[in-house]
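> the following comprises the amino acid sequence and a computationally predicted model.
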Amino acid sequence: MALYKVEICGVNTAKLPLLKNKEKEELFEKILKGDKEARELYIKGNLRLVLSIIQRFSNCNENVDDLFQIGCIGLMKAIDNFDVTQNVKFSTYAVPMIIGEIRRYLRDNNSIRVSRSLRDTAYKAIYAKEALTRKNDKEPTVSEIADEIGIPKENIVFALDAIQSPVSLYEPVYSDGGDTLYIMDQISDKKNKEDNWIEEISLKEAMNKLSDRENNIIKLRFFQGKTQMEVADEINISQAQVSRLEKSALKNMKNYLKQS
């Protein structure tokens, strides 16, 4: 991976801007008011951070342009979810999010090699989806994304599907005190319809014991298959809060089911 490249994804890394602390604070105040230009300036002012992080992955064989693009997605998610009231430096919050985004990409991209053109289409679709969601306060349809980036919707669906990775049934979804919840635990068994019917009733009863917010999070996460980040965007709280509420809800459900 050629990290010595001067130009990455069309960006001249030798001329990346460096924001002062006062500039960052002023820009973020504008971002919170919906200033899109301020957001773009803030992104550009933090590209050095992305560049420094992808250097940690110099031992992998991935294209540096791809890692830079993925790192930028993590950066944008960090900007959109950063809580200024927590008295934490933006870089402290952003670094783990950017690293996490890159690690997810490396994990998902490990087993299947996808052509560069397909990945580029997928990235454009992801960027457009995030932009349209922020603009309209709702998730766009594939047709809307296609109109935004000028690519046929069939190509977008194919590209997004291509970058997905097969998931093991034994991949853990949640773990608490040694009791791990695996993907296979969430797959229905149509051979035992009566047992499933009873389990469904128990599950609904357990969910009824949750608060409205916890109930909503469980439905979004495990019934609609949304990520914690997507849930956070939908209900307007941080990803960390979603994670805490999800763990608490699952623990309460487990305790209820054990007693019933």
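Thanks, I have the structure now.
> contacts, neighbours, all on C-alpha from now
Fine.
> from the chain's centroid, how far away is stretch 58-77?
Its chain's C-alpha centre and that of stretch 58-77 lie 14 Å apart, by Cα atoms, centre = their mean, to the nearest Å.
> swap in stretch 217-227?
14 Å.
> which residues are contacting that stretch?
Stretch 217-227 is contacted from outside by 228, 231, 242, 245-246, 249, using Cα atoms under 8 Å, 6 or more residues apart in numbering.
> again with stretch 155-162
114, 118-119, 121-122, 125, 142, 146.
> swap in stretch 240-257?
174, 176, 202-203, 206-207, 209-210, 214-215, 217-218, 228, 231-232.
> still on that earlier bit, in helices only, show me the contacts of stretch 155-162.
118-119, 121-122, 125, 142, 146 (DSSP state H).
> in TSV, list those along with pLDDT.
Output for those, formatted as TSV (pLDDT from 0 to 100):
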residue	pLDDT
118	75
119	76
121	85
122	82
125	86
142	86
146	89
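> who wins on neighbours among those?
Within these, most neighbours by other Cα atoms under 10 Å means residue 125, with 23 neighbours.
> what residues are up against that residue?
Per Cα under 8 Å, 6+ apart, neighbours of residue 125: 145-146, 149, 156, 160.
> for the nearest residue to residue 18 once chain neighbours are set aside, phi and psi?
Spatial nearest neighbour of residue 18, excluding adjacent residues (Cα to Cα, 6 or more residues apart in numbering): residue 45 at 5.4 Å. Main-chain torsions, residue 45, degrees, to the nearest 10: phi -70, psi -10.
> and the helix or strand hosting residue 231, which residues are buried?
For residue 231, the host element (DSSP states H and E) is helix 228-235. When burial is assessed from 16 or more other Cα atoms under 10 Å, helix 228-235 yields the following buried residues: 228-234.
> could I get those residues as CSV with distance to residue 65 and pLDDT?
Listed next are the buried residues of helix 228-235 as CSV, based on distance: Cα to Cα, whole Å; pLDDT from 0 to 100:
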residue, distance to residue 65, pLDDT
228, 26, 84
229, 24, 85
230, 25, 86
231, 29, 87
232, 28, 88
233, 27, 88
234, 30, 89
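> thank you, goodbye.
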